[in-house]
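Asks: Just the structure for this:
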Amino acid sequence: MPATTDPVIREIRDGDIPAAIALWHAAGVARPWNDPETDIAFARRGPHGTVLVAETGGRIAATAMAGEDGHRGWVYYVAVAPEHQGGGLGRAVMAAAEAWLARRGVWKVQLLVRADNRPATRFYERLGYRDTGAVCLQKVIAPEA
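Replies: Residues are numbered from 1 along each chain as shown. Okay, here's the model as predicted:
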């Protein structure tokens, strides 16, 4: 793949949301049980989260959602448009997410990768991420009205 040399990485704007959601579907990171618009709105509702976009050629070509809880940083929705994969945008948007977290004093970044997604696991390992050996448990609760 040709290297991408002109990405502009910035926080998402309202007008970017449809393109970001389309990218998540094209890159295979969207799941039917998560509403992308709700996830974006939740990330943007305060100073503890953001959605970053990498724009190249006037189009959204990569994204990363970052958030922090005062102790750890988390990264979600890392996606690169299929036609841009292998050109360095994934690495660039991850570096931007890590920098966003570091500016908030976060020293530990975590992310979740589906167990069967070996290409993603290898990508993150090349960036220095390691399997913690922890088990992630989840419970869905209804938000307060």
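
Asks: I figured residue 111 hits residue 72, correct?
Replies: No: in this structure, residue 111 is not within contact of residue 72 by CB atoms under 8 Å, at 10.4 Å. For every residue, glycine as well, the C-beta is placed using N, CA and C.

Asks: Tell me which of those two has more neighbours.
Replies: More neighbours surround residue 111 than the other of residue 111 and residue 72, with 16 against 13 (other CB atoms under 10 Å).

Asks: Tell me how far that one lies from residue 14.
Replies: According to CB to CB, to the nearest Å, residue 111 and residue 14 sit 26 Å apart.

Asks: Could you do residue 106 as well?
Replies: From residue 106 to residue 14 the distance is 26 Å (CB to CB).

Asks: Between those two, which is the more surrounded one?
Replies: Ranked by neighbour count (other CB under 10 Å), residue 106 and residue 14 place residue 106 first, with 19 against 8.

Asks: and the residue nearest to that one when sequence neighbours are not counted, bridged to which residues?
Replies: Here the nearest residue to residue 106 in space, its sequence neighbours aside, is residue 73; by CB to CB, 6 or more residues apart in numbering that works out to 3.9 Å. Beta bridges link residue 73 to residue 68, residue 109 when assigned by DSSP bridges.

Asks: How many residues are close by residue 73?
Replies: Residue 73: 22 neighbours (other CB under 10 Å).

Asks: I figured it was touching residue 99, is that so?
Replies: No: with contact defined as CB under 8 Å, residue 73 does not count as touching residue 99 (10.7 Å).

Asks: Got the phi and psi for the residue nearest to residue 27 when sequence neighbours are not counted?
Replies: Nearest residue to residue 27, sequence neighbours excluded (CB to CB, 6+ apart): residue 79, at 3.8 Å. Reported as degrees, to the nearest 10, the phi and psi values for residue 79 are phi -140, psi 140.
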